[in-house]
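Student: Next input, structure requested:
(chains A, B, C and D)
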Number of protein chains: 2
Amino acid sequence: MQLDRIYTGDSANILRNKERFRSGSVDLIITSPPYGHKRKHVYGGIRPKNYVSWFLPIAEQLKRILKPTGSFILNIKEGATNCERETYVIELVLALRDQGWLWIEEFCWYKKNSFPGKWRHRFRDSWERCYHFARQKDFRMYQDAVKVPIGDWSNERFRSMSQKDYIRNVSGTNSKMGRNVANWLGRKKVYPHNVVVFEKEHYERPPNVLRFSTSCKNYNHSAVFPLELPTWFIKLFTRSGNVVLDPFMGVGSTAIAATLLNRSYLGVEIVPEYAQAARRRVGEARQLKKDSGIIA
Amino acid sequence: MQLDRIYTGDSANILRNKERFRSGSVDLIITSPPYGHKRKHVYGGIRPKNYVSWFLPIAEQLKRILKPTGSFILNIKEGATNCERETYVIELVLALRDQGWLWIEEFCWYKKNSFPGKWRHRFRDSWERCYHFARQKDFRMYQDAVKVPIGDWSNERFRSMSQKDYIRNVSGTNSKMGRNVANWLGRKKVYPHNVVVFEKEHYERPPNVLRFSTSCKNYNHSAVFPLELPTWFIKLFTRSGNVVLDPFMGVGSTAIAATLLNRSYLGVEIVPEYAQAARRRVGEARQLKKDSGIIA
DNA sequence: TAGCAACTTGAATCTACCG
DNA sequence: CCGGTAGATTCAAGTTGCT
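Tutor: Numbers count the residues shown, from 1 in each chain, chains lettered A, B, ... in the order given. Next up is the predicted model:
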């Protein structure tokens, strides 16, 4: 099996190739498939009512290719037809469970820069679903990899600790949750919570809500996701040297993120122009990394 | 039918009373029912596997009581069992559609003050679902009532990118939306479809992500939602003098919000102590409004 | 004063093993 | 092989001090 390749073709066919995509060989699948659309000319253009039956055979192959301890991240959002939200996405979740996938989580990707809405009965659609599926309960998850530095507040706060900071404060409900500020003393890194400052930009990243800017450069492709999105999940679910697969690669964000993080990638893209753009962009990213001497 | 009353009792029974809850009499139903729970001591404690069949008869009555042009807002979030998310919430959505409801929208309530936190295979849950259902396509919606000044919108949107970048980005897409935004950049005005013009001011249509903090004063109730949540939906879907129903009233947030906005309310609460607390809190709110001379 | 910034630990459930 | 039990695993509708 060759790594770091982007195949031009239809995932519904090409994923069945057991030499190119060997069973149990991939650590993470992350993808944003074509969404169901009423209008045929939009990218992909699977009809909502056919969506589940179109996706299931592909998911069957993905299950074969994924390592038993791997994860599958599916970025998707149903549209609205005739005033109603489509149901194919939630039907797909139930169908994937029937196929043997475990539905672990639904992350909310809150899109900071969503376009304004223009509908009388509907607001701007400013979030998408990122489903996390796994093959078995003990999938790999590297939570420490997404820790962030503790805030500057801690210096001041820890200097003047009050009596109450040293005792455990339990909530008034019977939830048994509590906090003890003294336990945070000396901590360098913390789990992601609300506002993360990164290169002077503020990103919000509470546990299962992700807030990134949408991509600035969209390469004439209507569904590019920002690098931060695959980056976050690649850090969370893989380690250096692991393999990441995107069966609907588009212009290659997943492959670029994987490359910058020293992971290998595999991709499939049906539109030749997109596949070509993806290969070029990955090459540029690899060069950039080499030039800058970054060893992640 | 008497208005501004909170009945102590079980919604599964009491909503069938056609004198207390007359057919087609309510403009908005907003509620946060007990979630499915494994733990018995938690409020409500309906088992996930029984949830849909428990809820459907109640929803049938809600459909009877709601005006044809009214809306039903359901705040809920599934938990996790044995490493997987429960499926009863998405099954409920499909079942409610079968019952004749239109699924209009799913708002994301992003709890911006949620704790960080993690378990071996899971981060802390920091968002909940707010489903919007309606009986028919032409439900009432007063978007002006929740408008946001356009200044905030442009500031936030362009904080992280230059306007030139934005034009370049947007004009690369084939979407019509892109041209609208590009136009807007040049003229500082947007098509009226994108922006609400109200008293000569331009307002953005809000997104379908709501950012409210969870309530901190819990009144011995483990699941109080913040006043902002019912307030926002009451403004959006009702006018002064309309009637709002909460069949799982808890300590009365919905009734308080309705009172402060000069709407009438109806409520049902099964726990006598909560019902009593709700009546007391509504009375306090009414008094407060009178004292301060606010006429909303 | 408003806003910010941070996990813990008990209990229910699951599983593996033993009688 | 089945059922019961002990040990392991999983999950949680949160607040509040400080600047």
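
Student: In the stretch 151-296 of chain A, what residue spans correspond to strands?
Tutor: A:169-170, A:178-179, A:189-190, A:195-198, A:201-204, A:209-212, A:243-246, A:264-269 (DSSP state E, counting those that start in this stretch).

Student: so what strands line up beside the third one?
Tutor: Using DSSP bridges, strand A:189-190 pairs in its sheet with strand A:148-149 (antiparallel).

Student: what's the partner strand in contact with?
Tutor: With Cβ atoms under 8 Å, 6 or more residues apart in numbering or on different chains as the test, strand A:148-149 has contacts from A:Lys188, A:Lys189, A:Val190, A:Tyr191, A:Pro192, A:Val196, A:Arg205. To be clear about C-beta, it is placed using only N, CA and C from the backbone, and glycine gets the same treatment.

Student: please redo it, this time with the cut-off set to 7 Å
Tutor: With contact meaning Cβ atoms under 7 Å, 6 or more residues apart in numbering or on different chains, strand A:148-149 is reached by A:Lys188, A:Lys189, A:Val190, A:Pro192, A:Val196.

Student: Give me the contact status of stretch A:151-170 with chain B.
Tutor: No - using Cβ under 7 Å from any Cβ of the partner chain, we find that stretch A:151-170 stays clear of chain B, coming within 11.7 Å at best.

Student: ok, what's across the strand from A:Phe107?
Tutor: Where A:Phe107 sits in a bridge, its partners, by DSSP bridges, are A:Cys130.

Student: returning to that earlier point: format the contacts of strand A:148-149 as JSON lines; extra columns: pLDDT.
Tutor: As requested, these are exported to JSON lines (pLDDT from 0 to 100):
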{"residue": "A:Lys188", "pLDDT": "83"}
{"residue": "A:Lys189", "pLDDT": "85"}
{"residue": "A:Val190", "pLDDT": "85"}
{"residue": "A:Pro192", "pLDDT": "82"}
{"residue": "A:Val196", "pLDDT": "70"}
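
Student: Buried ones from those, can you make that a PyMOL selection?
Tutor: To isolate the buried members of the contacts of strand A:148-149 in PyMOL, using 16 or more other Cβ atoms under 10 Å in any protein chain shown:
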select buried, chain A and resi 192+196
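
Student: Was I right to think A:Arg129 contacts A:Arg85?
Tutor: No - in this structure A:Arg129 lies outside contact range of A:Arg85 using Cβ atoms under 7 Å: 11.8 Å.

Student: Give me the more crowded residue out of the two.
Tutor: Higher neighbour count among A:Arg129 and A:Arg85: A:Arg85, with 23 against 18, using other Cβ atoms under 10 Å in any protein chain shown.

Student: Show me where the stretch 51-200 of chain A has its helices.
Tutor: A:51-65, A:88-98, A:153-159 (DSSP state H, counting those that start in this stretch).

Student: and the second one with chain B, contact?
Tutor: Yes - Helix A:88-98 is in contact with chain B by Cβ under 7 Å from any Cβ, via A:Ile90, A:Val93, A:Leu94, A:Arg97.

Student: excluding its backbone neighbours, what's nearest A:Phe212?
Tutor: A:Glu228 (4.1 Å; Cβ to Cβ, 6 or more residues apart in numbering or on different chains).

Student: about what we covered before: dump the contacts of strand A:148-149 into TSV; add distance to A:Trp101 as well.
Tutor: Formatted as TSV, the contacts of strand A:148-149 follow (distance: Cβ to Cβ, whole Å):
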residue	distance to A:Trp101
A:Lys188	37
A:Lys189	32
A:Val190	32
A:Pro192	26
A:Val196	30
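
Student: ok, the contacts of strand A:148-149 vs B:Asn17, which is closest?
Tutor: Distance to B:Asn17 across the contacts of strand A:148-149 (Cβ to Cβ) is lowest for A:Pro192, with 49.0 Å.

Student: Next, count neighbours for A:Tyr265.
Tutor: Applying other Cβ under 10 Å, I find that A:Tyr265 has 28 neighbouring residues.

Student: Just want to check the distance between it and A:Pro192.
Tutor: Separation of A:Tyr265 from A:Pro192 (Cβ to Cβ, to the nearest Å): 25 Å.

Student: and if you look at A:Asn50?
Tutor: From A:Asn50 across to A:Pro192, the span is 38 Å (Cβ to Cβ).

Student: Please apply the same query to A:Arg140.
Tutor: According to Cβ to Cβ, A:Arg140 and A:Pro192 sit 18 Å apart.

Student: Likewise for A:Phe123?
Tutor: Separation of A:Phe123 from A:Pro192 (Cβ to Cβ): 27 Å.

Student: does A:Val195 really touch A:Glu204, like I thought?
Tutor: Yes - if you go by Cβ under 7 Å, A:Val195 and A:Glu204 touch, sitting 5.6 Å apart.

Student: Who has more neighbours out of those two?
Tutor: Neighbour count, other Cβ under 10 Å: between A:Val195 and A:Glu204, A:Glu204 has more, with 18 against 14.

Student: Might one say that the more buried one is in contact with A:Arg211?
Tutor: Yes - shown here, A:Glu204 and A:Arg211 form a contact pair, counting by Cβ under 7 Å, at 4.0 Å.

Student: looking at it, A:Arg187 is touching A:Ile150, isn't it?
Tutor: Yes - assessed by Cβ under 7 Å, A:Arg187 is found in contact with A:Ile150 at 5.5 Å.

Student: who has more neighbours, the two?
Tutor: Neighbours were counted for A:Arg187 and for A:Ile150 using other Cβ under 10 Å; A:Ile150 has more, 15 against 12.

Student: Pop out the phi and psi values for the more buried one.
Tutor: For A:Ile150, the backbone dihedrals are phi -70, psi 150 (criterion: degrees, to the nearest 10).

Student: And the closest residue to it other than its chain neighbours, how far from DNA strand C?
Tutor: Excluding the flanking residues, the one nearest A:Ile150 by Cβ to Cβ, 6+ apart is A:Val190, at 4.9 Å. From A:Val190 across to DNA strand C, the span is 3 Å (Cβ to the nearest atom of the strand, to the nearest Å).

Student: Kindly report the same for A:Glu91.
Tutor: On the measure of Cβ to the nearest atom of the strand, A:Glu91 and DNA strand C end up 24 Å apart.

Student: What separation is there between that residue and B:Val93?
Tutor: In this view, A:Glu91 and B:Val93 are 10 Å apart by Cβ to Cβ.

Student: what residue ranges in chain A score low on pLDDT?
Tutor: For chain A, applying pLDDT under 70 flags the ranges A:38-44, A:112-118, A:169-178, A:197-202, A:213-225, A:294-296.

Student: Mind naming the longest helix for it?
Tutor: For chain A, the helix reaching the highest residue count under DSSP state H is reported as helix A:272-292.

Student: any bit of that helix sitting next to chain B?
Tutor: No - legend: contact between helix A:272-292 and chain B by Cβ under 7 Å from any Cβ is lacking; minimum distance shown is 12.1 Å.

Student: Perfect, I'm done here.
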